[in-house]
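**Student:** Below is the structure, and that's it, no one-letter string:
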């Protein structure tokens, strides 16, 4: 992101409790474009100032146009609150449009991958669980360091899901998105 924290704060108002952004009022001296700055300022005051900033992308993220740059809202929020921008920002609850500061945490790319939701192509109904035709059992596997680690074979998919959850927590800690956290199983 090539926009400074000071400039971001000057142009946007961010509410850390709701994760929303609003365009701030601007003085006429901030409009130095060619043509009539007064006309541009009046347009800004009536169309943008005090209104919600950004739009939702096709993959569910909020994006904001600030100072002729397009920035992701979660990056802007993190920068405004923490004063820095880590390589990756993880939405803890998996909702890319939830930009409350309590839902954002800095991470490495690898850690961010541990928090993914249940893939749409999943056929077992549980994360980390698939059917093995050759063994006639349910397999539980967890991703670790760009490889799949075998957790075990089970007669029941629920057993496999619980085994996956234990392994995911062991390998990924707080970043693990488990079947339990997805609401797919109970204790």
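**Tutor:** Structure received. Note that the coordinates shown come from a computational prediction; the quantities given were computed from them, not determined experimentally. Numbering: from 1, shown residues only.

**Student:** Other residues contacting stretch 163-171?
**Tutor:** Here stretch 163-171 makes contact (C-beta atoms under 8 Å, 6 or more residues apart in numbering) with 114, 126-129, 140-142, 144, 149, 151-152, 154, 176-180, 185. From N, CA and C alone the C-beta is placed, and that goes for glycine too.

**Student:** Go through the protein and flag its longest helix.
**Tutor:** helix 157-172 (DSSP state H).

**Student:** quick one: buried residues of that one?
**Tutor:** 157-165, 167-169, 171-172 (16 or more other C-beta atoms under 10 Å).

**Student:** Point to the helix or strand of this structure where mean pLDDT is at its lowest.
**Tutor:** Lowest by mean pLDDT, DSSP states H and E among the helices and strands of the chain is helix 109-113, with a mean of 61.

**Student:** Show me what the next helix or strand after that helix is in contact with.
**Tutor:** As assigned by DSSP states H and E, the chain's next helix or strand after helix 109-113 is strand 129-132. The contact list for strand 129-132 (C-beta under 8 Å, 6+ apart) reads 122-124, 137-141, 153, 157, 160-161, 164, 179.

**Student:** show me the contacts for the residue most central in space within the chain.
**Tutor:** Nearest residue to the geometric centre of the chain (C-alpha atoms, centre = their mean): residue 91, 3.4 Å. Shown in contact with residue 91 (C-beta under 8 Å, 6+ apart): 74, 98, 99, 103, 104, 115.

**Student:** which residues does it bridge with?
**Tutor:** residue 104 (DSSP bridges).

**Student:** From residue 151, how far out is it?
**Tutor:** Distance, residue 91 to residue 151, using C-beta to C-beta, to the nearest Å: 26 Å.

**Student:** repeat for residue 137
**Tutor:** Distance from residue 137 to residue 151, by C-beta to C-beta: 12 Å.

**Student:** the more surrounded of the two?
**Tutor:** residue 151 (21 against 17; other C-beta atoms under 10 Å).
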